[in-house]
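J.: Quick one: sequence plus predicted model below, questions after.
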Amino acid sequence: MCELGKRLKEAREARGLEIAQAAEFLKVRRAVLEALEDCRFDELPEPPLARGYLRRYAQLLGLDPAPLLALYPLGVPQAAAPTNPTTGSRTPSVVGSRWLWPIPLLVLLVLLGWWGYRTLDRPSTTTPAPTPSAPVAPPPPQQVSLRIATQPQGARVYLDGFLLGQAPLEARVEAGERTLRIEAPGYQKYEQVLSLQSNRNLSLALTPLPPAPPPTPTAPSTPENTPPANPASPTPSTGLVLRLEGTSWIRVTDARTGRQLYEGTVPGGTQLSYPLPVVVRAGNAGVVRVFVNGQDQGRMGNVGQVVTQRFGQ
């Protein structure tokens with residue numbers, strides 16, 4: 001795997017995204033993203049379109065597209081011009097008679113002189129063909145600098161539906177009519193169409209959401225639908241307990257049957273409980289603390305690390 005594909009795959013797995021989910025979000029064929037991650041550039045469409053796919057994929061994964069575009073091969077080099085098959089061999093020369101060779105030379109000179117006189121004496125009626133000009137490459141798209149600061153900080157910033165990152169941020173983007181969207185938990189979504197013709201510096205204060213009405217009592221949900229969130233409850237003495245100290249994507253699978261018990265992004269302060277044995281995959285293992293039969297096993301891994309681990313026999 002080349003450096004370009006390695007960066008894309010590691011960033012996607014760190015976000016807990018399957019390649020099919022990324023393809024569905026970008027509305028592109030899965031084979032295009034697989035070819036980018038496996039560096040099979042000969043299976044991609046023409047370079048301008050393929051580089052566009054690469055830019056959008058990098059933005060979705062929260063990566064700077066510029067270094068990745070620099071790693072994308074410029075194209076297939078032109079084949080070298082064929083060499084002269086007689087190179088290195090001695091060209092045979094025509095050897096005439098020592099005394100008769102000047103005669104054909106003189107005849108040739110006379111014929112050339114006569115042809116040149118006739119050509120110069122006759123006015124030219126032909127129009128020289130225009131020299132074809134070399135194709136001019138289209139200019140690269142204009143880019144501008146976009147700076148965004150929000151209140152509160154850490155809001156997620158999207159441009160044309162693709163994630164740029166978390167505010168405050170600064171990014172180089174293509175000029176033109178672009179749709180800006182900003183989201184933050186507990187605040188109303190902000191959306192605006194920007195005309196980016198020059199550098200822009202935006203500072204936005206998001207509007208808090210109104211207080212939610214008290215929930216209507218419903219039947220208890222199963223772990224497969226909604227994770228139990230009760231940070232104040234004591235840790236059970238049997239089974240597996242996952243205590244979230246920060247936000248992480250989690251998937252829990254029954255180790256015996258392979259049935260998926262839960263999958264989703266879990267906020268910090270949530271506690272998940274399951275009977276053993278299970279297989280747990282965490283997208284941010286450094287915030288997931290594990291308790292097995294009431295015993296604290298520590299965190300699953302480091303912050304930002306994707307870890308899969310089996311618990312129980």
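T.: Structure received.
J.: Would you confirm that G246 contacts G268?
T.: Yes. G246 sits in contact with G268 when judged by CB atoms under 8 Å, with a separation of 4.5 Å. (Glycine included, C-beta is placed from N, CA and C.)
J.: tell me how far the lowest-mean-pLDDT helix or strand in the chain is from the chain's mean position?
T.: Every helix and strand in the chain was compared by mean pLDDT, DSSP states H and E; the lowest is helix 102-121, with a mean of 73. Averaging C-alpha positions (CA atoms, centre = their mean, to the nearest Å) puts helix 102-121 69 Å from its chain's average.
J.: other SSEs contacting it?
T.: If contacts are counted by 3 or more CB pairs under 8 Å, 6 or more residues apart in numbering; DSSP states H and E, helix 102-121 sits against no helix or strand.
J.: What residues of that helix count as buried?
T.: By neighbour count on 16 or more other CB atoms under 10 Å, the buried set for helix 102-121 is empty.
J.: Stretch 141-153 now?
T.: Across stretch 141-153, burial judged by 16+ other CB under 10 Å covers V144, L146, I148, T150.
J.: Take these and lay them out in CSV including pLDDT and distance to L108.
T.: Shown next, in CSV, are the buried residues of stretch 141-153 (pLDDT from 0 to 100; distance: CB to CB, whole Å):
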residue, pLDDT, distance to L108
V144, 91, 68
L146, 92, 74
I148, 95, 80
T150, 96, 86
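J.: before we move on, back to that, overlap in contacts of G246 and G268?
T.: Counting by CB atoms under 8 Å, 6 or more residues apart in numbering, the shared contacts of G246 and G268 are V287.
J.: Quick check on V290: phi, psi?
T.: Main-chain dihedrals, V290, degrees, to the nearest 10: phi -110, psi 130.
J.: from the chain's centre, how far out does stretch 15-28 sit?
T.: 11 Å.
J.: Tell me the buried residues in it?
T.: R15, G16, L17, I19, A22, A23, L26, V28.
J.: and the third one, what pLDDT?
T.: So the one you mean is L17. Predicted confidence (pLDDT) for L17: 89.
J.: so how far is L111 from P104?
T.: Distance of P104 to L111, computed by CB to CB, to the nearest Å: 10 Å.
J.: For V157, which non-adjacent residue is closest in space?
T.: L164 (4.6 Å; CB to CB, 6 or more residues apart in numbering).
J.: so what strands line up beside the helix or strand containing the one you found?
T.: L164 is located in strand 162-166, with elements delineated by DSSP states H and E. In the sheet, strand 162-166 lines up against strand 156-159 (antiparallel) (DSSP bridges).
J.: rewinding a little: touching, the residue nearest to V157 and R147? I think so.
T.: No. Judged on CB under 8 Å, L164 makes no contact with R147 at a distance of 11.1 Å.
J.: Taking the buried residues of stretch 15-28, tell me the two that lie furthest apart.
T.: G16 and V28 (19.7 Å; CB to CB).
J.: that older thread, now go through the buried residues of stretch 15-28 and say which are in helices.
T.: I19, A22, A23, L26 (DSSP state H).
J.: Distance to P277 for those residues - can I get that in TSV?
T.: Shown next, in TSV, are these (distance: CB to CB, whole Å):
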residue	distance to P277
I19	28
A22	31
A23	33
L26	36
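J.: And those, which is closest to A255?
T.: When these are compared against A255 (criterion: CB to CB), the nearest one is I19, at 24.7 Å.
J.: Appreciated, that's everything.
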